[in-house]
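Q: Could you work out the structure for the sequence below:
(2 chains)
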Amino acid sequence: MHPILAHRGRLLPYLAACAPLAAILTAMLARPGGLSLVEAVTMAVPLTFAYAFMGLSAWYPCRQLPLARSRILPLVLTHATAAALVSSLWVGLGVVLAAVLGLLSRFEGLRDRFVGQAVALWAAGLLLYVLAAALNYVLLALEAASEAERREAELAILAREAELAALKAQIRPHFLFNSLNSIASLAATDPPRAEQMCVRLGEFLRRSLALGEKKSISVGEEIELSRAYLAVEALRYGSRLEVEEDLDERGQKCLVPPLLLQPLVENAVRHGIATRVEGGTLRVGVACGAGRLRILIENPLDPEGPARPGGGRGLANVRQRLAARYGEEALFAAKRLADRYLVVISVPAEMPA
Amino acid sequence: MTGPAEGAAPLKVLIVDDEEPARAILRRHLEALPGVRVAGECGDGFEAVRAATTLSPDVVFLDIEMPKLDGFEVLELLDRSIAPVFVTAYDEHAVRAFEVAAVDYVLKPFAAERIALAVDRARARRAAGASVPTDGLKAAVRPAATPLGRIVVRDGSRVHVIPVDRLDAAEAQDDYVALKAEGRTYLKPQTLTSLAAALDPVRFVRVHRSHLLRLDALARIEPLGAGGHVAVLADGTRIPVSREGYARLKEKLG
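A: Numbering: from 1, shown residues only, chains lettered A, B, ... in the order given. Got it, this is the predicted structure:
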């Protein structure tokens, strides 16, 4: 189907754009020795609109022979043949119309007078075909562009999905290695603590893996995962790591994309608490109200400590995933204050069905 | 080679890691080795530099991610005679560690034998009296595309950390660079060329063979006889500008 015919809104402007052609055609037919003005208008208007539709048929050869990829000879031959064919058909149509109108006393002899103009009209038809072909090539180019755009958007979504899958699969190797090292250390000096750490690490891994292909989990589950993670870190960092939670009941029921909180908590430990000799308190807040879910993560940091690579990437990933899921509705703010770091998330509250 | 006979003196080792269990297992493995003495343990970068200065160990086992200073910054401030062994969970720093001529790069978790191997390597380096790289090489190997964010300077056993946005200018002085920041001058054993290479080229310009300055600190440029120029900083400091330096300055200032 031709794109102009496929969209209702496009047909009227297209026909309106043909109106000047009707005027030119009238002038052509009303030349001295030709038709009277009334006859010319009566013939020109239907003929113009007839051509408007016939010209659309150029769509098919245009689509078959893309300008950029066709050889010149077949291109010219095909379009020349089509032009001659369309133009002949058009002039024929005009002759039939003139003959029919000629039956009325007012238009007596119109057919003969019209035939006198047929050659000029046929030539005009060829020119109009060139116009029509150009229009069709423009439409094809527009369609190709929007198609490319759509494909690009589709690819972006696929890429994001792949990234999410990768994120889910990634159980931060450095965290694992450091934890295993602590376990190896405690195995000799403090076997009960080594055992405890194995159990907690196991719990964290099991929870992470269980997220599997889930699209959403409750904030409560996400908090549990973060707690399992923090329990392991607590054994590594000892008294340097303290955690304070301020969670409301409704907020914990809300659904969020999996691994939203845990990477932020991990960031807060690695880039915040761990940069301070004396450690500090990590605060996690969850609240739900007025249709919004709000999450806050706050940690102290050493403003003069060395920068650790990779912090921005984790935040950017969470920001991207929130934007992908909630679009404009997602608010994500990460702010470094003098001696602490603050991450605030506000998204529409999604309750389980 | 006229080094001390093997085994004559125990190898003095310093352990630097901010996690207590990580220090404990290193100590255990090291103390089990003959001829090794653990001289001390530190939990952050500043403490490590202090301890290294007072204890002068032969080998330092260094974590990379730590409070105050990271392992590479600590290494930059250590006496060249101390052999560094990095001990970390991150394998991505291995190339850089090799380039600053670390004796070894041990990945956590590790076996006792791996620590014994690292100690053997440190002994071999000492026996060979191997040269530790010049400072220029050390500073030159920063991860590409991330310009230096801060400069660490040792003053006795004290450490100064100078964020680069407070560094106004630097001048080559024999084997040192004199770093000028907030009206103070700090001396660091480094070449100006290696410092210039590590700094953000958008913000710092080498205006002379022995001078560089931060563009934001520049107040004006005054002509000097014979086609020379002098750069005047916001605090009034005057810095000579060579012909090439002037061309570079004009290019940066657009």
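Q: so which helix or strand takes in B:Phe86?
A: strand B:83-88 (DSSP states H and E).
Q: In its sheet, which strands sit next to that strand, and in what direction?
A: Sheet pairing for strand B:83-88, assigned by DSSP bridges, gives strand B:59-62 (parallel), strand B:104-107 (parallel).
Q: Go through the last one and flag the buried ones.
A: Translated: strand B:104-107. B:104-106 (16 or more other CB atoms under 10 Å in any protein chain shown). In short, each C-beta sits where N, CA and C put it, glycine included.
Q: Is stretch B:20-30 positioned near chain A?
A: Yes - interface with chain A: stretch B:20-30 contributes B:20-22, B:24-25, B:28 (CB under 8 Å from any CB of the partner chain).
Q: burial of B:Asp91, as a residue count?
A: Applying other CB atoms under 10 Å in any protein chain shown, we find 12 residues neighbouring B:Asp91.
Q: Just give the nearest non-adjacent residue to it, would you?
A: B:Leu107 (6.0 Å; CB to CB, 6 or more residues apart in numbering or on different chains).
Q: Which strand residues bridge the one you found?
A: B:Thr88.
Q: distance of it from B:Arg114?
A: 8 Å (CB to CB, to the nearest Å).
Q: Enumerate the residues of chain A near chain B.
A: A:173-175, A:177-178, A:180-186, A:188-189, A:235-238, A:270, A:274-277, A:302, A:304-309.
Q: now the residue in the stretch 151-254 of chain B that chain A sits nearest to, what's its secondary structure?
A: As assessed by CB to the nearest CB, chain A sits closest to B:Val161 within the stretch 151-254 of chain B, at 5.8 Å. Secondary structure, DSSP: H, G, I helix; E, B strand; the rest coil: B:Val161 is strand.
Q: Hmm, it is touching A:Glu304, no?
A: Yes - counting by CB atoms under 8 Å, B:Val161 touches A:Glu304, with 5.8 Å between them.
Q: in the stretch 251-353 of chain A, which ranges drop under the pLDDT threshold?
A: A:311 (pLDDT under 70).
Q: mind listing the strands in it by residue range?
A: A:255-256, A:280-289, A:292-300, A:331-336, A:340-348 (DSSP state E, counting those that start in this stretch).
Q: So in that sheet, which strands flank the shortest one, and in what orientation?
A: Looking at strand A:255-256 with DSSP bridges, its paired strands and their directions are strand A:217-218 (antiparallel).
Q: Next secondary structure after the helix or strand of chain B with the lowest mean pLDDT?
A: Lowest on mean pLDDT, DSSP states H and E among the helices and strands of chain B sits helix B:135-140, with a mean of 46. Using DSSP H and E, the next helix or strand after helix B:135-140 towards the C-terminus is strand B:150-155.
Q: Return the residues in contact with the residue nearest to A:Thr42 when sequence neighbours are not counted.
A: Nearest non-adjacent residue to A:Thr42, counting by CB to CB, 6+ apart: A:Leu101, 6.7 Å away. For A:Leu101, the contact set (CB atoms under 8 Å, 6 or more residues apart in numbering or on different chains) comprises A:42-43, A:107, A:110.
Q: Which positions in stretch A:198-213 come out as buried?
A: Quick answer for stretch A:198-213 (16+ other CB under 10 Å): A:198, A:200-201, A:203-204, A:207-208, A:211.
Q: the helices in the stretch 201-350 of chain A, which residues?
A: Using DSSP state H, counting those that start in this stretch, the helices found in the stretch 201-350 of chain A span residues A:219-237, A:249-253, A:261-271, A:311-326.
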